[in-house]
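>>> No letters, just coordinates:
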């Protein structure tokens, strides 16, 4: 089966048909219509074998996660998913692998009304680059730069589960299936992001750990923040590790949570609480924005830890130690 | 120097500032405004080390070519370049390499008024995925599917130079610098593509060889074609190889030409001739579209060759032999 056949068979029709796709897979470019009053939001991410997933990872999960990370970026702007493109690098033409990958990718695309409109397949070490395209009403996108002193900092879901799954896998320890699922099949918080338009002042998705990613909001907004560790939403798996070790690096500085971190003025806190009920998704206030620069983290015993505001770094040689 | 620093320093401001970039590099998504009456054209392509370029290739040329292949796709639709995103996978954090790559990428972006608006850097085997975004007046994009019987088939520039450069390099033979340049630094025919709106009925860029790429136009348009080999525009380098070997695979079926192949009704042939003078770019009629399916190639001696209409295939196991 040749490259052209593979692309044609499995990637020609992933996700629902959309009337704004003038021309999809199969020409030099896809042609897309942006409605009046909407701004285009785009993000590109690569998942590489051995860096972002294990070489023996279920290809259906690779398909899911390679789109999920982009959907999480759209969520973090409050954008509505629309279209995706896919640059897939594969060591060999393995039809079973491609079918499973397309299944995972297509299922998540369909769940979010997103259509695959173009792609490229190359031979080489396994790697997946996905660009997502979303739409957001003009002026309504939620940036990193809007946080103001006195605002509450919220996170969705729970923190550190994916990091714990990875740590256990690397140590050869058993990993509970639900915990493993958090690492391999993250659920991007698209509906939450959309509902936070007009409510959140700043937002980011947690791909590199709360301390580092919140640090990006602080830098972009020219503010500081305080976090209270006892407020962090933890599953019992992560809570047990923290209790046993007094090491907070899992919820503060491990990657792949794909939860949203956002800031809201105090007047909007009740709206966030109602939103949590509407969506059936835990939303937890973990701290607040202040005018003084830096990120201070209060320990449950009253102690304080000054965090370097850096996230996961793929080139750690000169890293300053936050990972 | 960490990943964040690298991205920040070299990729934050490549290409000219554009007023339609609401938000560029540095948030979860870039935010882009599409003017009323314009359709968005997008294409993604990966260049991988050892597949699309040699591992020791000048990084400035890799930067150039990784954007050029996308610009060539925009040209083939008649679209105007607007924005690019970049997913860069690097084995190590090498500042000299990144600076040179950014120089090559940025110079070509600036030449076409294109801004880099987002990216992702990952550690892994060297690979570059670039998505290009262009604008084309709604309804004016030139697709593969518009060719009609009786139309003339044109190509820009000359064919087979990049293929000859590659063949000589692989054989350890000397390669003239101008010939090598055709392989490493192709010039996407963006102005030509834009001028052919309303004139060409169908268009494709030649990335995999004339026979295979024209075959995509034929399949999409449900027509056939005849090519006359003696009309093919060849440099003296390629003409000498063909004369010595009677092997036409260089101009017909070697990759990386990045010229445009397009079809025009006979009434528009004089327009194309004037356009050639205006742009200072050779535009050559190489055949014509017919209603009977298939691609027939007439040899200079009057003989005929029936070509399998396939291009370069990265998974050649089941390839039917056109490469």
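The structure has been received and is ready for your questions. Remember, predicted model here, so these are calculated numbers, not experimental data.

>>> where does the stretch 51-200 of chain A come near chain B, residue by residue?
Taking CB under 8 Å from any CB of the partner chain as the contact definition, the stretch 51-200 of chain A meets chain B at A:51-52, A:72-74, A:76-77, A:79, A:83, A:85-87, A:89-90, A:92-93, A:117-125, A:127, A:129, A:131-134, A:136, A:138, A:141, A:143-145. For the C-beta atoms, the positions are set from N, CA and C on the backbone; glycine is no exception.

>>> Mark which of those residues are part of strands, please.
Within those, residues falling in strands by DSSP state E are A:83, A:85-87, A:89-90, A:117-123, A:127, A:129, A:131-134, A:136.

>>> Just give the number of residues close to the residue nearest to residue A:103 when sequence neighbours are not counted.
Counting by CB to CB, 6 or more residues apart in numbering or on different chains, residue A:103 lies nearest to residue A:60, which is 5.3 Å off, once chain neighbours are set aside. Neighbour count for residue A:60, taken as other CB atoms under 10 Å in any protein chain shown: 20.

>>> Which helix or strand contains residue A:60?
According to DSSP states H and E, residue A:60 maps onto helix A:59-77.

>>> Tell me which other helices or strands that helix touches.
strand A:38-48, strand A:80-90, helix A:95-111, strand A:127-137, helix A:177-184, helix A:190-195, strand A:202-205, strand A:260-264 (3 or more CB pairs under 8 Å, 6 or more residues apart in numbering or on different chains; DSSP states H and E).

>>> again, 6 Å this time
Under the contact definition 3 or more CB pairs under 6 Å, 6 or more residues apart in numbering or on different chains; DSSP states H and E, helix A:59-77 sits against strand A:38-48, helix A:95-111, strand A:127-137, helix A:190-195, strand A:202-205.

>>> Can you give the strand pairings for the last one, parallel or anti for each?
Strand A:202-205 has the following sheet partners, assigned by DSSP bridges: strand A:260-264 (antiparallel).

>>> what's the next secondary structure element after the strand it pairs with?
Per DSSP H and E, the first helix or strand lying C-terminal to strand A:260-264 is helix A:269-279.

>>> between the helix or strand just after that next one and helix A:269-279, how many degrees?
Later in the chain than helix A:269-279, the nearest helix or strand by DSSP H and E is strand A:283-290. In terms of direction (axes from the mean of the first three to the mean of the last three CA atoms, to 10 degrees), strand A:283-290 departs from helix A:269-279 by 150 degrees.

>>> for whatever helix or strand comes next after strand A:283-290, which positions count as buried?
For strand A:283-290, the following helix or strand on the C-terminal side (DSSP H and E) is strand A:294-298. Going by neighbour count (16 or more other CB atoms under 10 Å in any protein chain shown), the buried part of strand A:294-298 is A:295-298.

>>> ok so, going back, could I have the PyMOL command that selects the buried members from the residues of the stretch 51-200 of chain A next to chain B?
Command for PyMOL, covering only those of these found buried under the criterion 16+ other CB under 10 Å:
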select buried, chain A and resi 52+72+73+74+76+77+79+83+85+86+87+89+90+93+117+118+119+120+121+122+123+124+125+127+129+131+132+133+134+136+141+143+144+145
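
>>> So for the residue nearest to residue A:103, what pLDDT did the model give?
In this model, residue A:60 is scored at 97, pLDDT.

>>> Mean neighbour count, the helices and strands packed on helix A:59-77: which tops it?
Of the helices and strands packed on helix A:59-77, the one with the most neighbours on average (mean count of other CB atoms under 10 Å in any protein chain shown) is strand A:202-205, at a mean of 28.

>>> Any residue of the helix or strand following that one touching chain B?
Next in sequence after strand A:202-205, counting helices and strands by DSSP H and E, comes helix A:210-221. No. Helix A:210-221 stays clear of chain B (CB under 6 Å from any CB of the partner chain), getting no nearer than 7.3 Å.

>>> Can you list the helices and strands that helix A:210-221 packs against?
Here helix A:210-221 touches strand A:202-205, helix A:249-253, going by 3+ CB pairs under 6 Å, 6+ apart.

>>> would you list those in a markdown table and tack on mean pLDDT?
Shown next, in a markdown table, are the helices and strands packed on helix A:210-221 (pLDDT from 0 to 100):
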| stretch | mean pLDDT |
| --- | --- |
| strand A:202-205 | 98 |
| helix A:249-253 | 94 |
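
>>> Just send those back as TSV, with distance to residue B:153 too.
Shown next, in TSV, are the helices and strands packed on helix A:210-221 (distance: least, CB to CB, whole Å):
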stretch	distance to residue B:153
strand A:202-205	49
helix A:249-253	59
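
>>> gap between the two ends of stretch A:259-276?
Start-to-end span of stretch A:259-276 (CA to CA, to the nearest Å) is 13 Å.

>>> picking up where we left off before, quick check: the farthest pair among the buried residues of strand A:294-298?
A:295 and A:298 (11.0 Å; CB to CB).

>>> and the closest residue to residue A:102 other than its chain neighbours, what element?
Spatially, and ignoring its direct neighbours in sequence, residue A:102 is nearest to residue A:10 (4.1 Å; CB to CB, 6+ apart). In this structure, residue A:10 sits in helix A:3-11 according to DSSP H and E.
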